[in-house]
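**Student:** The amino acid sequence is not available; the structure is as follows:
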């Protein structure tokens, strides 16, 4: 069986398993890993290896870029303190705790134990977002979880690089490690912002949607490779490029480009995610082949204790990191009151691991600088897989029950912001209609028809959250025929008018977003409707 046939078969498995996950109401990453695990033991199926370089170069940049592209900069900035406490502080604590358990229980040398601790400290962006959003969690919980998983990969790889160097070369310098971490992180951010700046300006010269989206597809890889070539954080570079591009995309590209790009990214990211999660499950068979020196009971004990260390380290970190700063600082308390303990509990429990951890484990060198084997490499691989399986499957499956028991639900904040944005967009259109009605090319009856449409829309959304729920009386269909004027002339004039109104609405929405009155997520929802309206108008 050729590699192409295997890849196509796995993609078919991704579609089937994801469809099954929808039918049973389960987050698809969980079922894909379990499906891959089952496929790995099918007799006669060739071994499928997960190439770590393939993950870091081809899979990671587009997945991180897509997550960052639709991350609200306003929400990310507001939650930067809890995100950094998780993405930096929790990573370091988990590394130390897991290293201690792996050394004292599993007998790994301290250097190899710290390598394992760093590897299993990275939460998975895809799993966290897929599971959290499907469960209808409060918006802020989703923002913190996705922000943590976007940033902590850079911390993990920096710590892992230092730990691996200490094992392979036998040399460790704390000062050099801190210097590389700070310079690599800040440098990666600068490179990412520079690439994002170039991307946005390039898109202004590419009105064709196909060319524009082809350019967008290449930029995550350009950002990652540019940073890595300079020995900086490629992950933070990709995240910075995605955040910047998402911030500027509302005015940088046309509606047709966004619609085409969104559809492409949704499909591509789903296939990449699915492929990676199935590949994770397929790795267990090969991993077990290198563990002939351990009994099943020993491996099970090590897997349980290391997984417990990962889970409990997060629980014991999240609660103090949430409440202690507010107890100590009055300014933090006033600016950001303490969240309910139910939401904190979900953040503490929602620490799924995924492809970054497994790819990092697979990328470990086989030998040290002295020519000896890398200590405990096979055991590190097995324990990494065990942590992924335990956190992704056990925590992922238990989250719905936990959330129902805690009484958590979506707080509706994005929906309220969306309604506000729609009202303001309709008011901007009405204001622009009044300005353009004086133009010779705008017919009076056309302006009235459009004014009636947007006035109805404004009243409809203004009353959505009214106590009586009334939306006002329905008006006559604003698109009704009036007279026998030449259709083509009227159509062109109507299209020109609508293009002006779409532009006015987008400018109003961007202004609201920039002023912090609505989030990027609310803007994207309204923007998509405007893009769809514009595409229908062009047809």
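**Tutor:** Happy to help now that I have it. Not measured: the values here are computed from a predicted model. Numbering: from 1, shown residues only.

**Student:** just so I have it, where are all the helices in the stretch 1-150 of the chain?
**Tutor:** 3-24, 28-39, 52-54, 60-69, 73-78, 80-84, 91-104, 110-119, 125-134, 139-169 (DSSP state H, counting those that start in this stretch).

**Student:** Just put these in a markdown table and tack on mean neighbour count and mean pLDDT.
**Tutor:** C-beta coordinates here come from the backbone N, C-alpha and C atoms, glycine included. Output for the helices of the stretch 1-150 of the chain, formatted as a markdown table (neighbours: other Cβ atoms under 10 Å; pLDDT from 0 to 100):
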| stretch | mean neighbour count | mean pLDDT |
| --- | --- | --- |
| helix 3-24 | 14 | 85 |
| helix 28-39 | 22 | 84 |
| helix 52-54 | 14 | 80 |
| helix 60-69 | 24 | 87 |
| helix 73-78 | 18 | 89 |
| helix 80-84 | 18 | 93 |
| helix 91-104 | 21 | 95 |
| helix 110-119 | 27 | 94 |
| helix 125-134 | 23 | 66 |
| helix 139-169 | 23 | 87 |
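
**Student:** can you put these in JSON lines and add distance to residue 356?
**Tutor:** Below are the helices of the stretch 1-150 of the chain laid out as JSON lines (distance: least, Cβ to Cβ, whole Å):
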{"stretch": "helix 3-24", "distance to residue 356": "19"}
{"stretch": "helix 28-39", "distance to residue 356": "13"}
{"stretch": "helix 52-54", "distance to residue 356": "10"}
{"stretch": "helix 60-69", "distance to residue 356": "7"}
{"stretch": "helix 73-78", "distance to residue 356": "20"}
{"stretch": "helix 80-84", "distance to residue 356": "17"}
{"stretch": "helix 91-104", "distance to residue 356": "12"}
{"stretch": "helix 110-119", "distance to residue 356": "9"}
{"stretch": "helix 125-134", "distance to residue 356": "8"}
{"stretch": "helix 139-169", "distance to residue 356": "5"}
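
**Student:** For residue 437, which of those helices is the nearest?
**Tutor:** helix 73-78 (35.1 Å; Cβ to Cβ).

**Student:** If you count contacts, what does that closest one end up packed against?
**Tutor:** helix 139-169, helix 234-252, helix 520-538 (3 or more Cβ pairs under 8 Å, 6 or more residues apart in numbering; DSSP states H and E).

**Student:** For residue 267, find the nearest of these.
**Tutor:** Minimum separation from residue 267 across the helices and strands packed on helix 73-78 (Cβ to Cβ) falls at helix 520-538, 16.0 Å.

**Student:** Quick check: buried residues in the closest one?
**Tutor:** Using 16 or more other Cβ atoms under 10 Å as the test for burial, helix 520-538 gives 520, 521, 522, 523, 524, 525, 526, 527, 530, 531, 534.

**Student:** any idea how far the second one is from residue 71?
**Tutor:** From residue 521 over to residue 71 the distance is 9 Å, taken as Cβ to Cβ, to the nearest Å.

**Student:** pLDDT weak spots in the stretch 351-500 of the chain?
**Tutor:** Where the stretch 351-500 of the chain drops to pLDDT under 70, the residues are 464-488, 490-491.

**Student:** all helices for it, in order.
**Tutor:** Using DSSP H, counting those that start in this stretch, the helices of the stretch 351-500 of the chain run over residues 355-362, 377-389, 396-406, 413-436, 444-462, 487-514.

**Student:** which of these sits most buried?
**Tutor:** helix 355-362 (a mean of 26; mean count of other Cβ atoms under 10 Å).

**Student:** Mind listing residues that contact that one?
**Tutor:** Residues outside helix 355-362 that contact it (Cβ atoms under 8 Å, 6 or more residues apart in numbering) are 50-52, 55-56, 59-60, 118-120, 122, 124, 126, 153, 156-157, 160, 276-277, 279-280, 283, 380-381, 384-385, 387-388.

**Student:** Repeat the analysis, applying 6 Å as the threshold.
**Tutor:** Outside of helix 355-362, the residues within contact range by Cβ atoms under 6 Å, 6 or more residues apart in numbering are 52, 55, 119-120, 122, 153, 160, 276, 280, 380-381, 384, 388.

**Student:** Redo those residues as CSV? Include distance to residue 86.
**Tutor:** Shown next, in CSV, are the contacts of helix 355-362 (distance: Cβ to Cβ, whole Å):
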residue, distance to residue 86
52, 24
55, 23
119, 17
120, 15
122, 11
153, 12
160, 17
276, 23
280, 23
380, 24
381, 26
384, 20
388, 18
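
**Student:** Show me which of these is closest to residue 94.
**Tutor:** residue 120 (7.1 Å).

**Student:** residues in contact with that closest one?
**Tutor:** 98, 310, 357, 384, 387.

**Student:** Next, give me the two most distant ones among those.
**Tutor:** Spanning the widest gap among these are 98 and 357, at 11.4 Å by Cβ to Cβ.

**Student:** so how far is residue 184 from the closest residue to residue 120 other than its chain neighbours?
**Tutor:** Among residues not flanking residue 120 along the chain, residue 387 sits closest, at 4.5 Å (Cβ to Cβ, 6 or more residues apart in numbering). For residue 387, the distance to residue 184 (Cβ to Cβ) stands at 25 Å.

**Student:** Just to be sure, residue 182 is in a strand?
**Tutor:** No: looking at residue 182 with DSSP: H, G, I helix; E, B strand; the rest coil, it is helix, so not inside a strand.

**Student:** going forward can the numbers begin at 868, since that is how I track them
**Tutor:** Fine by me, first position is 868 from now on; the one you just mentioned is residue 1049.

**Student:** Do you know the pLDDT at it?
**Tutor:** Listed pLDDT for residue 1049 reads 86.

**Student:** Distance-wise, check it relative to residue 1245.
**Tutor:** Per Cβ to Cβ, residue 1049 is found 34 Å from residue 1245.
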